[in-house]
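Undergrad: sharing a sequence plus its predicted fold:
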Amino acid sequence: SFEFSAALLQGTFGFDGLGPMREAAQRAVGLETDTASPWYALAHTAFGAALYWNGEPEQAAVHAEDGLLGKAAISIVLMLSSAIMALLAADAGRLIQADELARAVHDMLTDPGLGLGHTAQSSFGYLAIGAVHATQGNLDTARDELEHALQVRQKSIGLSPWPTVEIMFRLAPVLADLGDHAGAGTLLGEARQILESLPDGADTQLARLAGLERRLAYRPATAPGEPITEREREVLRLLQSTLSLRDIGRELYLSPNTIKTHTRALYRKLGASDRQDAVAKARELGIM
């Protein structure tokens, strides 16, 4: 219907802002309830993305998965749904799941039979792959994937601004970690210009931007005292999630006792009393 088409377009591109984007995508989901329709999967994928950028990760995951499981979902929708789920898994510290999803996205992008690798929408896939590599600490690869994603979007006119901002948010800390503080600052400045030029509903993203600006303004090379090892950094990344220490051990293929040893070492080196305190101090020091 015309009503569904209009809602889907507004809910996919979000030029009116994140608030109207979310409402339109939700309307599209309500208008297309036939799971055998390819538009069903696209509507749920669009709603999942809108929820993600509005700061509602749990609901975003539900609808992104609906997009992934849609009976008639076309390849580009499967790629977009997988990319959203990879971002959500990486943010939550579910590194094994994030890696599996990123690999699935990579396989779709490199499959010549699908022809997705050179489309404008491929930027979303490269974004997800880069974000997962950044979470794993593979900074050079993360930079390459994210820079490629940004180049694809900058070459294409009329795309949604929200994935572009997301790429900038993911790339800036990677550049800073690699020593390119000027490049990171330039990216955040460009992201601010985009957000401030957009109407309604950018509050969630402006809050993310402010946090990144604070984080990247002060980045000492190491924490006071003993340096933090690479393995301890992996544990530290997962301490910010809701995973228990036992679950963190499963993610990293380490025993619970080993995780406890790493955690105690982190508390000592950071002068922290618990995991929340350790995460907060690591962020202040620019370690995370």
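TA: Noted; the coordinates are in hand.
Undergrad: mind listing the helices in the stretch 1-150 of the chain by residue range?
TA: 2-13, 18-31, 38-53, 57-69, 75-91, 95-110, 122-136, 139-155 (DSSP state H, counting those that start in this stretch).
Undergrad: and these, which one is worst for confidence?
TA: For the helices of the stretch 1-150 of the chain, mean pLDDT drops lowest on helix 57-69, to a mean of 88.
Undergrad: mind listing what's buried along that helix?
TA: Under the neighbour-count criterion of 16 or more other CB atoms under 10 Å, helix 57-69 has 57, 60, 61, 63, 64, 65, 66, 67, 68 buried. The C-beta positions use only the backbone N, C-alpha and C, and glycine is treated the same way.
Undergrad: check contacts around residue 132.
TA: Taking CB atoms under 8 Å, 6 or more residues apart in numbering, we find residue 132 in contact with 86, 89, 90, 98, 99, 101, 102.
Undergrad: could you export the helices of the stretch 1-150 of the chain as CSV, including distance to residue 212?
TA: Formatted as CSV, these follow (distance: least, CB to CB, whole Å):
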stretch, distance to residue 212
helix 2-13, 24
helix 18-31, 18
helix 38-53, 15
helix 57-69, 18
helix 75-91, 14
helix 95-110, 20
helix 122-136, 13
helix 139-155, 14
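Undergrad: quick one: which of the ones you listed is nearest residue 243?
TA: With respect to residue 243, and counting by CB to CB, the nearest of those is helix 95-110 at 9.8 Å.
Undergrad: packing partners of that closest one?
TA: Packed against helix 95-110 by the contact rule (3 or more CB pairs under 8 Å, 6 or more residues apart in numbering; DSSP states H and E) you find helix 75-91, helix 122-136, helix 245-252.
Undergrad: let's see 6 Å
TA: For helix 95-110, the elements it packs on are helix 75-91, helix 122-136, judged by 3 or more CB pairs under 6 Å, 6 or more residues apart in numbering; DSSP states H and E.
Undergrad: now the angle between helix 95-110 and the shortest one, please.
TA: When axes from the mean of the first three to the mean of the last three CA atoms, to 10 degrees is applied, the directions of helix 122-136 and helix 95-110 differ by 150 degrees.
Undergrad: pLDDT wise, what is the nearest residue to residue 245 once chain neighbours are set aside at?
TA: The spatial neighbour of residue 245 that comes closest, neighbours along the chain excluded (CB to CB, 6 or more residues apart in numbering), is residue 259 at 5.0 Å. For residue 259, the pLDDT comes out at 89.
Undergrad: check residue 161 too.
TA: With respect to pLDDT, residue 161 scores 91.
Undergrad: my guess is it meets residue 196, correct?
TA: No. Applying CB atoms under 6 Å, one finds residue 161 not in contact with residue 196, separated by 11.4 Å.
Undergrad: ok, back up a step: now the buried members of the contacts of residue 132.
TA: The neighbour-count criterion (16+ other CB under 10 Å) marks 86, 89, 90, 98, 99, 101, 102 among the contacts of residue 132 as buried.
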